[in-house]
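S.K.: Below: sequence and its predicted model.
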Amino acid sequence: MALTYPNYIIPVTNAVNRKLDNKILERVSIKDFGATGDGITDDTVSISNAQAYYASLPYGATLYFPRGKYIVTSLPSLSPNVNWIGDGRLGTQIFYNGTGNLVYFNGVINNYTSLRIT
């Protein structure tokens, strides 16, 4: 049996009726994959799973990181069809709790200990 979703319409003039499942997919929360952002729990696997899943889709997605402190021991390989957004540099933070380097840009190794999504 296929699932059916209700319609969604924003209560403003000239808004159009849309399927709720399409609206929800516009912004996918990293918490949908189990990330906590509590500053204690290791969110590496949750972030990696979300990134890998949406990178595999032909249209990609925008992953939303709600306000919080996300602890990681590594970052997944990023792909051009998945964007990350958060709640500003003071609201959403990714803290590295691993060994080695967190980020590698264009052949240059940088010793970052945190990453802020703005």
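M.R.: That came through fine.

S.K.: So what's the residue count around the residue nearest to F65 when sequence neighbours are not counted?
M.R.: Nearest non-adjacent residue to F65, counting by CB to CB, 6 or more residues apart in numbering: G86, 4.1 Å away. No exception for glycine: its C-beta is placed from N, CA and C like everyone else's. Counted with other CB atoms under 10 Å, residues neighbouring G86 total 22.

S.K.: Name the SS class of W84, please.
M.R.: Secondary structure assignment for W84 (DSSP: H, G, I helix; E, B strand; the rest coil): strand.

S.K.: Let me know the helix or strand that the closest residue to A61 other than its chain neighbours is in.
M.R.: Counting by CB to CB, 6+ apart, A61 lies nearest to Y54, which is 4.0 Å off, once chain neighbours are set aside. Element membership for Y54 (DSSP states H and E) is helix 44-55.

S.K.: in that helix, what's buried?
M.R.: By neighbour count on 16 or more other CB atoms under 10 Å, the buried set for helix 44-55 is 44, 46-48, 50-51, 54-55.

S.K.: Output those residues in CSV, with distance to T36 appended to each entry.
M.R.: As requested, those are exported to CSV (distance: CB to CB, whole Å):
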residue, distance to T36
T44, 12
S46, 8
I47, 11
S48, 15
A50, 13
Q51, 17
Y54, 19
A55, 22
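
S.K.: re earlier: what's downstream of the helix holding Y54, the next helix or strand?
M.R.: For helix 44-55, the following helix or strand on the C-terminal side (DSSP H and E) is strand 61-65.

S.K.: Show me which residues of that following strand are buried.
M.R.: 61, 63-65.

S.K.: Note down every partner strand of that strand and its orientation.
M.R.: strand 28-29 (parallel), strand 82-86 (parallel) (DSSP bridges).

S.K.: Next, the angle from that strand to helix 44-55.
M.R.: Per axes from the mean of the first three to the mean of the last three CA atoms, to 10 degrees, the angle that strand 61-65 makes with helix 44-55 is 160 degrees.
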